[in-house]
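A.B. asks: fold the following for me, if possible:
(chains A and B)
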Amino acid sequence: MTPYEKLKTARASTRPTGSAYVNRIFKNILELHGDRRFGDDAAIYSGIGYLDDDIPATFIAIDKGTDLQSRMQKNFGCPKPEGYRKALRLMKQAEKFHRPVICFVDTLGAYCGAEAEERGQGQAIAENILEMMGLKTPVITIVIGEGGSGGALALATADKVYMLENAVYSVISPEGCASILWKDSGKVADAAACLKITASDMREFKVIEGIITEDFDHFDKMCNSIRHQLKKDLKEMMKQSSSKLLDNRYKRFRRIGYFTTAE
Amino acid sequence: MANIFTNISNFITSTSQLPDVESLIRKTENVTLVCKGCNNEASKHQLLRNHMICPQCGKYFRIGGKERIRLIADRKSRTDMFDNFESVDFLEFPGYAEKLAKSKKSTSEKDAVTVGTARLGGNEFAYFVMDSRFMMASMGSVLGEKITSIFEYATEHSLPVIGFTASGGARMQEGIVSLMQMAKVSGAVKRHSSEGNLYITVLTDPTTGGCTASFAMQGDIILAEPKALVGFAGRRVVEQTTKSKLPDNFQSAEFLLEHGFIDAIVPREKLRETLINILNIHSAKEAKA
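C.D. replies: Modelled structure (predicted):
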């Protein structure tokens, strides 16, 4: 598939949404609502449950919705500041009770409306990234569809990041890129190719740890294997001291960058 | 008591510490600039003596990297650091190499940020200044590496950091790697903060996108210049999303102050004394225990 075909696949309305993964991977789920500041953002489905019989965990999933009504209610998976603040509240809670955080990312990007700006969309994302850099509990993120810019990074400043094989991760939507660079939002396919947004690109840039094979015809089986991978990772990570965990997380991002040091 | 004497001694020595604007003027070509606010002309030397504020209408001219520090810091206190990094067109992105070459030529800088150390009223601090003349100070690998490095240096030497932000956002010509710079810098900000060090951001026109969504909004104290544009999504994008016309002051520094997202708006002529006051208040050793 070309990058543009992957982009369309990642956005397909038939694709499982965040809540579908959570509801299959976790047991004894309790959804927890609200940011305790302003409201509850339905674009983010979050709460607590068991990853397995003996692993309590916090889940935070961006959910795009499955029909027109739920999509509108969930703002098509574009979180507002209160969504990011709800996520941060649950991450802090997870840290307090020593349980890992599993995030599922699927967003075109953080919501760009006037009220999102009024309530500090930039500040909300900035705070999440900063606090995740100091969060003393393991965080694993899976990009299941679209990983759209800062709105994705606010849930992906993690110890490990995985991507589904047809998911995309990008600094800007290919439409936005084409519109800014070529004043032509029709050149989306070109922009998608130039930006390098596919899972294999991400692995090459060492931005992700692994790629998850898609098998939506056997979705339960696919979710079982994701749970198996998460358990395997957490078994290692839960053994680490929090200072070692934070040190590794720091180094994970510290090394990313391409430049020369010519005198 | 000790603090009072520190402040008095800072006051007494302050004239000899004042920024050396005249020496900057001697080294700067006296070109004629046109104000975007009132279309009147002003000479560069006249503007430098007036904090780069239009003498006719009061509009703020944008100030580039090193000039900003020279206009505000104690004379002869500036040391640039980590300035040997240069961007690489590793994605072979259409037009990137040309844009880099053009910006390098027009600014005589290697990229969009200057970092280093200087003093304000005798207080040593680390700084980064973004320069919107260089590809709208978009944030690529070099910018991320330099700001991260200066935070690491400041953490090691227990120095406060003052960051002057201005940016169009992430540098899309570096793809996902540019997005990761937001996390990389944030990691260094977090370490600096966890050690009890002070971080002040001064938001200047325009501070947008990934810059707002990361280190611009992570300061302990967030100041802004009057009327600076500060926001996450671009105005046009917001108008398209909401299909409505936005008020004129939308995403201005005044708008952010009203909504509780910045600590204060500080006019340029008051910025030096304001920063010195903040640094003095945080300089007491007991406060860091």
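A.B. asks: distance from the chain centre to the top helix by length along chain B, please.
C.D. replies: Longest helix in chain B, counting residues (DSSP state H): helix B:175-194. Distance of helix B:175-194 from its chain centroid, counting by Cα atoms, centre = their mean, to the nearest Å, is 17 Å.
A.B. asks: got the CA positions of that helix in CSV?
C.D. replies: The C-alpha trace of helix B:175-194 is given here as CSV (Å, rounded to 0.1, in the frame of the first residue of the first chain):
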residue,chain,number,x,y,z
GLY,B,175,8.3,14.9,9.8
ILE,B,176,7.6,12.9,13.0
VAL,B,177,11.2,13.7,14.2
SER,B,178,10.1,17.3,14.7
LEU,B,179,7.1,16.3,16.8
MET,B,180,9.4,14.2,19.0
GLN,B,181,11.4,17.4,19.8
MET,B,182,8.5,18.6,21.9
ALA,B,183,8.8,15.5,24.1
LYS,B,184,12.6,15.7,24.1
VAL,B,185,12.7,19.3,25.3
SER,B,186,9.9,18.6,27.8
GLY,B,187,11.9,15.9,29.3
ALA,B,188,14.8,18.3,29.9
VAL,B,189,12.4,20.9,31.3
LYS,B,190,11.0,18.4,33.7
ARG,B,191,14.4,17.4,35.0
HIS,B,192,15.4,21.1,35.4
SER,B,193,12.1,21.7,37.3
SER,B,194,12.4,18.6,39.5
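A.B. asks: not counting sequence-adjacent ones, nearest residue to the residue positioned nearest the centre of chain B?
C.D. replies: By Cα atoms, centre = their mean, chain B has its centre lying nearest to B:F164, at 1.3 Å. The shortest distance from B:F164 to any non-neighbouring residue, by Cβ to Cβ, 6 or more residues apart in numbering or on different chains, is to B:V129 (4.4 Å). For glycine as for every other residue, the C-beta is placed from the backbone atoms N, C-alpha and C.
A.B. asks: where does the nearest residue to B:F255 once chain neighbours are set aside fall, phi/psi-wise?
C.D. replies: Distance criterion Cβ to Cβ, 6+ apart; nearest residue to B:F255, sequence neighbours excluded, is B:N249 at 5.1 Å. Dihedral angles of B:N249 (phi, psi; degrees, to the nearest 10) stand at phi -80, psi 0.
A.B. asks: try A:D52
C.D. replies: phi -150, psi -180.
A.B. asks: before we move on, what about B:T165?
C.D. replies: phi -100, psi 150.
A.B. asks: re earlier: doesn't the residue nearest to B:F164 lie inside a helix?
C.D. replies: No. Read with DSSP: H, G, I helix; E, B strand; the rest coil, B:V129 is strand and lies in no helix.
A.B. asks: tally of neighbours for it?
C.D. replies: B:V129: 25 surrounding residues under other Cβ atoms under 10 Å in any protein chain shown.
A.B. asks: tell me the contacts of it?
C.D. replies: By Cβ atoms under 8 Å, 6 or more residues apart in numbering or on different chains, B:V129 lies in contact with B:G64, B:G65, B:K66, B:R68, B:I69, B:V113, B:T114, B:V115, B:G163, B:F164.
A.B. asks: how about the strands in chain B?
C.D. replies: B:32-34, B:41-43, B:79-81, B:86-87, B:113-120, B:123-130, B:161-167, B:199-207, B:221-224, B:264-265 (DSSP state E).
A.B. asks: now mean pLDDT too, for those strands, in TSV please.
C.D. replies: As requested, the strands of chain B are arranged in TSV below (pLDDT from 0 to 100):
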stretch	mean pLDDT
strand B:32-34	95
strand B:41-43	95
strand B:79-81	96
strand B:86-87	96
strand B:113-120	97
strand B:123-130	98
strand B:161-167	98
strand B:199-207	97
strand B:221-224	98
strand B:264-265	98
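A.B. asks: most packed of these?
C.D. replies: strand B:161-167 (a mean of 28; mean count of other Cβ atoms under 10 Å in any protein chain shown).
A.B. asks: could you list the paired strands of that one along with their orientation?
C.D. replies: Note on strand B:161-167: by DSSP bridges, its sheet partners are strand B:123-130 (parallel), strand B:199-207 (parallel).
A.B. asks: run the chain-centre distance for it.
C.D. replies: 3 Å.
A.B. asks: pull the residues that contact that strand.
C.D. replies: By Cβ under 8 Å, 6+ apart, strand B:161-167 touches B:62, B:68, B:112, B:120, B:125-132, B:136-139, B:147, B:150-151, B:154, B:192, B:197-211, B:215-216, B:219, B:275.
A.B. asks: mind redoing it with 6 Å?
C.D. replies: By Cβ atoms under 6 Å, 6 or more residues apart in numbering or on different chains, the residues outside strand B:161-167 that reach it are B:68, B:125-130, B:132, B:137, B:154, B:199-204, B:207, B:211, B:216.
A.B. asks: next, the angle strand B:113-120 makes with that strand.
C.D. replies: With axes from the mean of the first three to the mean of the last three Cα atoms, to 10 degrees applied, the angle from strand B:161-167 to strand B:113-120 works out at 140 degrees.
A.B. asks: alpha carbons of strand B:161-167, as PDB, please.
C.D. replies: C-alpha atoms of strand B:161-167 as PDB (Å, rounded to 0.1, in the frame of the first residue of the first chain):
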ATOM      1  CA  VAL B 161      16.300  29.400  32.300                       C
ATOM      2  CA  ILE B 162      14.600  32.300  30.500                       C
ATOM      3  CA  GLY B 163      13.100  31.300  27.200                       C
ATOM      4  CA  PHE B 164      11.900  33.800  24.600                       C
ATOM      5  CA  THR B 165       9.500  31.900  22.400                       C
ATOM      6  CA  ALA B 166       8.300  32.600  18.900                       C
ATOM      7  CA  SER B 167       7.400  29.900  16.500                       C
END
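A.B. asks: so that strand versus helix B:175-194, what angle?
C.D. replies: Computed by the same axes, to 10 degrees, the angle separating strand B:161-167 from helix B:175-194 equals 150 degrees.
A.B. asks: against which helices or strands is the helix or strand harbouring A:R89 packed?
C.D. replies: Per DSSP states H and E, A:R89 falls inside helix A:81-96. Counting contacts by 3 or more Cβ pairs under 6 Å, 6 or more residues apart in numbering or on different chains; DSSP states H and E, helix A:81-96 is packed against strand A:44-52, strand A:55-62, helix A:121-132.
A.B. asks: how about that helix, which residues are buried there?
C.D. replies: A:81-91, A:94-95 (16 or more other Cβ atoms under 10 Å in any protein chain shown).
A.B. asks: save those as TSV, and put in pLDDT too.
C.D. replies: Shown next, in TSV, are the buried residues of helix A:81-96 (pLDDT from 0 to 100):
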residue	pLDDT
A:P81	98
A:E82	98
A:G83	98
A:Y84	98
A:R85	98
A:K86	98
A:A87	98
A:L88	98
A:R89	98
A:L90	98
A:M91	98
A:A94	98
A:E95	98
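A.B. asks: for the most centrally placed residue in chain A, helix, strand, or coil?
C.D. replies: Residue closest to the average C-alpha location in chain A (Cα atoms, centre = their mean): A:V105, at 2.7 Å. Here A:V105 is recorded as strand under three-state DSSP.
A.B. asks: my read is that it contacts A:T157, right?
C.D. replies: No. A:V105 lies out of contact with A:T157 (Cβ atoms under 6 Å); the separation is 11.2 Å.
A.B. asks: now chain A, which segments are flagged as low pLDDT?
C.D. replies: Along chain A, segments meeting pLDDT under 70 span A:263.
A.B. asks: how about the helices in it?
C.D. replies: A:3-11, A:18-25, A:68-73, A:81-96, A:114-118, A:121-132, A:149-153, A:174-182, A:188-195, A:199-204, A:219-237, A:242-254.
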